[in-house]
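S.K.: Just need the structure, nothing else, for what follows:
(one chain, ligands or ions: 1)
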Amino acid sequence: SASETRTVRFLNGDRKFDANGKIGQTLLDVVVEHDLALDGFGACEGTLACCTCHVILGKEHFEREDKLNPAGEEELDLLDMAPELNDYSRLGCQIKITKKDPEVVEVVVPTINRDARNS
Ligand code: FES
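M.R.: Next up is the predicted model:
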(Lines give C-alpha, C1' and ligand atoms only; values in the text may rest on other atoms or scores of the structure.)
Protein backbone atom coordinates (compact mmCIF):
# COMPACT_ATOMS: atom_id res chain seq x y z
CA SER A 1 0.00 0.00 0.00
CA ALA A 2 1.14 3.54 -0.72
CA SER A 3 -0.64 4.83 2.38
CA GLU A 4 1.56 6.25 5.13
CA THR A 5 -0.33 4.49 7.88
CA ARG A 6 -1.15 0.94 8.89
CA THR A 7 -3.64 -0.50 11.32
CA VAL A 8 -1.83 -2.26 14.12
CA ARG A 9 -3.94 -4.90 15.82
CA PHE A 10 -2.78 -5.91 19.29
CA LEU A 11 -4.28 -9.19 20.50
CA ASN A 12 -4.06 -9.55 24.28
CA GLY A 13 -5.84 -12.56 25.72
CA ASP A 14 -9.44 -12.13 24.60
CA ARG A 15 -9.01 -8.40 24.07
CA LYS A 16 -8.23 -6.73 20.76
CA PHE A 17 -7.01 -3.18 20.17
CA ASP A 18 -6.82 -1.65 16.70
CA ALA A 19 -4.79 1.53 16.38
CA ASN A 20 -3.50 3.59 13.52
CA GLY A 21 0.28 3.68 13.21
CA LYS A 22 2.47 5.74 10.90
CA ILE A 23 5.32 4.38 8.83
CA GLY A 24 8.45 4.67 10.96
CA GLN A 25 6.69 4.50 14.32
CA THR A 26 7.53 1.64 16.62
CA LEU A 27 4.82 -0.61 18.02
CA LEU A 28 5.56 0.98 21.40
CA ASP A 29 4.98 4.45 19.89
CA VAL A 30 1.55 3.28 18.71
CA VAL A 31 0.61 1.92 22.16
CA VAL A 32 1.69 5.16 23.84
CA GLU A 33 0.13 7.53 21.30
CA HIS A 34 -3.26 5.81 21.55
CA ASP A 35 -2.95 5.15 25.28
CA LEU A 36 -3.91 1.51 24.77
CA ALA A 37 -4.87 -0.36 27.93
CA LEU A 38 -1.97 -2.81 27.85
CA ASP A 39 -0.90 -2.73 31.49
CA GLY A 40 2.82 -2.40 32.05
CA PHE A 41 3.66 -2.41 28.34
CA GLY A 42 6.76 -0.39 27.52
CA ALA A 43 7.84 0.27 31.10
CA CYS A 44 11.36 1.41 30.18
CA GLU A 45 10.09 3.66 27.38
CA GLY A 46 12.01 1.90 24.66
CA THR A 47 15.46 2.03 26.25
CA LEU A 48 16.03 -1.74 25.94
CA ALA A 49 15.94 -2.35 29.67
CA CYS A 50 12.68 -4.10 30.52
CA CYS A 51 11.13 -6.65 28.06
CA THR A 52 7.56 -5.59 29.02
CA CYS A 53 7.04 -4.68 25.36
CA HIS A 54 7.31 -8.33 24.32
CA VAL A 55 5.21 -9.07 21.24
CA ILE A 56 4.79 -12.19 19.13
CA LEU A 57 4.78 -11.39 15.43
CA GLY A 58 3.18 -13.36 12.64
CA LYS A 59 5.60 -15.64 10.79
CA GLU A 60 5.86 -13.44 7.69
CA HIS A 61 6.20 -10.28 9.73
CA PHE A 62 8.95 -11.89 11.82
CA GLU A 63 10.84 -13.05 8.74
CA ARG A 64 10.57 -9.60 7.13
CA GLU A 65 11.95 -7.98 10.27
CA ASP A 66 14.61 -10.61 10.69
CA LYS A 67 16.05 -9.62 7.31
CA LEU A 68 15.81 -5.85 7.67
CA ASN A 69 16.13 -5.37 11.38
CA PRO A 70 17.28 -8.51 13.22
CA ALA A 71 17.29 -8.55 17.02
CA GLY A 72 20.60 -7.47 18.51
CA GLU A 73 22.33 -9.00 21.53
CA GLU A 74 20.60 -6.71 24.03
CA GLU A 75 17.19 -7.51 22.62
CA LEU A 76 17.87 -11.25 22.62
CA ASP A 77 19.10 -11.16 26.21
CA LEU A 78 15.95 -9.34 27.31
CA LEU A 79 13.69 -11.67 25.36
CA ASP A 80 15.19 -14.59 27.31
CA MET A 81 13.51 -13.12 30.38
CA ALA A 82 10.10 -12.60 28.75
CA PRO A 83 7.21 -14.91 29.70
CA GLU A 84 5.62 -16.90 26.84
CA LEU A 85 8.69 -16.56 24.62
CA ASN A 86 8.00 -17.82 21.11
CA ASP A 87 10.06 -18.37 17.94
CA TYR A 88 8.53 -15.16 16.58
CA SER A 89 9.03 -13.04 19.67
CA ARG A 90 10.47 -9.54 19.44
CA LEU A 91 10.46 -6.40 21.55
CA GLY A 92 7.77 -3.95 20.44
CA CYS A 93 10.02 -0.95 20.99
CA GLN A 94 12.39 -2.30 18.32
CA ILE A 95 9.79 -3.03 15.64
CA LYS A 96 8.94 -0.18 13.29
CA ILE A 97 6.02 -0.01 10.92
CA THR A 98 7.37 -0.17 7.37
CA LYS A 99 5.98 0.30 3.90
CA LYS A 100 6.32 -3.44 3.42
CA ASP A 101 3.75 -4.13 6.11
CA PRO A 102 0.21 -5.05 5.02
CA GLU A 103 -2.80 -2.81 5.76
CA VAL A 104 -3.35 -4.61 9.03
CA VAL A 105 -0.38 -5.68 11.13
CA GLU A 106 -1.41 -8.17 13.80
CA VAL A 107 0.72 -8.91 16.86
CA VAL A 108 0.07 -10.89 20.03
CA VAL A 109 0.84 -9.28 23.35
CA PRO A 110 1.20 -12.01 26.00
CA THR A 111 -1.12 -11.51 28.97
CA ILE A 112 1.79 -11.89 31.39
CA ASN A 113 4.67 -9.49 31.28
CA ARG A 114 7.74 -9.10 33.41
CA ASP A 115 10.07 -6.20 33.92
CA ALA A 116 13.62 -7.53 33.55
CA ARG A 117 14.80 -4.82 35.97
CA ASN A 118 12.83 -6.44 38.81
CA SER A 119 14.21 -9.95 38.51
FE1 FES B 1 11.52 -1.69 27.56
FE2 FES B 1 11.04 -2.25 24.97
S3 FES B 1 10.03 -0.84 26.24
S4 FES B 1 12.61 -3.04 26.27
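S.K.: make it CA atoms for all contacts and neighbour counts henceforth
M.R.: Noted.
S.K.: which stretch of helix or strand covers the closest residue to residue 89 other than its chain neighbours?
M.R.: The shortest distance from residue 89 to any non-neighbouring residue, by CA to CA, 6 or more residues apart in numbering, is to residue 56 (4.4 Å). According to DSSP states H and E, residue 56 maps onto strand 54-57.
S.K.: Are that strand and the ligand in contact anywhere?
M.R.: No. Strand 54-57 stays clear of the ligand (CA under 6 Å from any ligand atom), getting no nearer than 7.2 Å.
S.K.: Pull the residues that contact the very next helix or strand once past that strand.
M.R.: For strand 54-57, the following helix or strand on the C-terminal side (DSSP H and E) is helix 59-68. Here helix 59-68 makes contact (CA atoms under 8 Å, 6 or more residues apart in numbering) with 88, 89, 95, 101.
S.K.: Determine which two of the residues you listed are furthest apart.
M.R.: 89 and 101 (17.1 Å; CA to CA).
S.K.: Could you check how far the nearest residue to residue 84 once chain neighbours are set aside is from the ligand?
M.R.: Spatially, and ignoring its direct neighbours in sequence, residue 84 is nearest to residue 110 (6.6 Å; CA to CA, 6+ apart). Residue 110 sits 14 Å away from the ligand, going by CA to the nearest ligand atom, to the nearest Å.
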